[in-house]
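Novice: Predicted model and sequence below, questions to follow.
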Amino acid sequence: MNEFVVPVVAIIATFSFLIAKHYFRFKSSQGASAAESDRLQQEVQALKQRVAALEAIVTDPGYQLKRDIERL
C-alpha cells in the first residue's frame, strides 16, 4: 500500500496547486475588471452630462436665431 500512497499524494498536491493558482489568477483579474467597469461608468456619466449640455444649447431658440443671422 505504501507504494501507491506517494504517487497519489503527489498527484493530489499537483492538482490542488493548479486549482489554487487558477483560482487566485481569476480573482485578481476580476478585481481589475471591476475597477475598469467603475472607470467606464464614470466616463459614461460625464459624456451623458456633456451631451445634455450640448442638446440644451442646440435646442435653445437663441442659438437657432444666431445661426439664421450668420447665414445671412
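Specialist: Everything's here; your move.
Novice: use CA for all of it now, contacts and neighbours both
Specialist: Will do.
Novice: Which pLDDT value belongs to P7?
Specialist: Per-residue pLDDT puts P7 at 85.
Novice: before we move on, what about M1?
Specialist: 62.
Novice: can you check V58 too?
Specialist: So, for V58, pLDDT stands at 80.
Novice: Next SSE downstream of the helix ranked longest in the chain?
Specialist: Assignment by DSSP state H gives helix 2-58 as the longest helix of the chain. Per DSSP states H and E, helix 2-58 leads on to helix 61-71 as the next helix or strand towards the C-terminus.
Novice: Figure out how far that following helix is from the centre of its chain.
Specialist: Offset of helix 61-71 from its chain centre (Cα atoms, centre = their mean, to the nearest Å): 42 Å.
Novice: now swap in stretch 20-38 and tell me
Specialist: Distance, centroid of stretch 20-38 to centroid of chain: 11 Å (Cα atoms, centre = their mean).
Novice: For it, C-alpha coordinates in PDB please.
Specialist: C-alpha atoms of stretch 20-38 as PDB (Å, rounded to 0.1, in the frame of the first residue of the first chain):
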ATOM      1  CA  ALA A  20      -5.400  27.300  -6.400                       C
ATOM      2  CA  LYS A  21      -3.200  29.000  -9.000                       C
ATOM      3  CA  HIS A  22      -6.100  29.400 -11.400                       C
ATOM      4  CA  TYR A  23      -8.500  30.500  -8.700                       C
ATOM      5  CA  PHE A  24      -6.200  33.300  -7.500                       C
ATOM      6  CA  ARG A  25      -5.500  34.400 -11.100                       C
ATOM      7  CA  PHE A  26      -9.200  34.600 -11.800                       C
ATOM      8  CA  LYS A  27      -9.900  36.500  -8.600                       C
ATOM      9  CA  SER A  28      -7.200  39.100  -9.400                       C
ATOM     10  CA  SER A  29      -8.500  39.600 -12.900                       C
ATOM     11  CA  GLN A  30     -12.000  40.100 -11.500                       C
ATOM     12  CA  GLY A  31     -10.700  42.900  -9.300                       C
ATOM     13  CA  ALA A  32      -9.200  44.700 -12.300                       C
ATOM     14  CA  SER A  33     -12.400  44.200 -14.300                       C
ATOM     15  CA  ALA A  34     -14.400  45.800 -11.500                       C
ATOM     16  CA  ALA A  35     -12.100  48.800 -11.400                       C
ATOM     17  CA  GLU A  36     -12.200  49.200 -15.200                       C
ATOM     18  CA  SER A  37     -16.000  48.900 -15.000                       C
ATOM     19  CA  ASP A  38     -16.200  51.700 -12.400                       C
END
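Novice: Sweet, I'm off.
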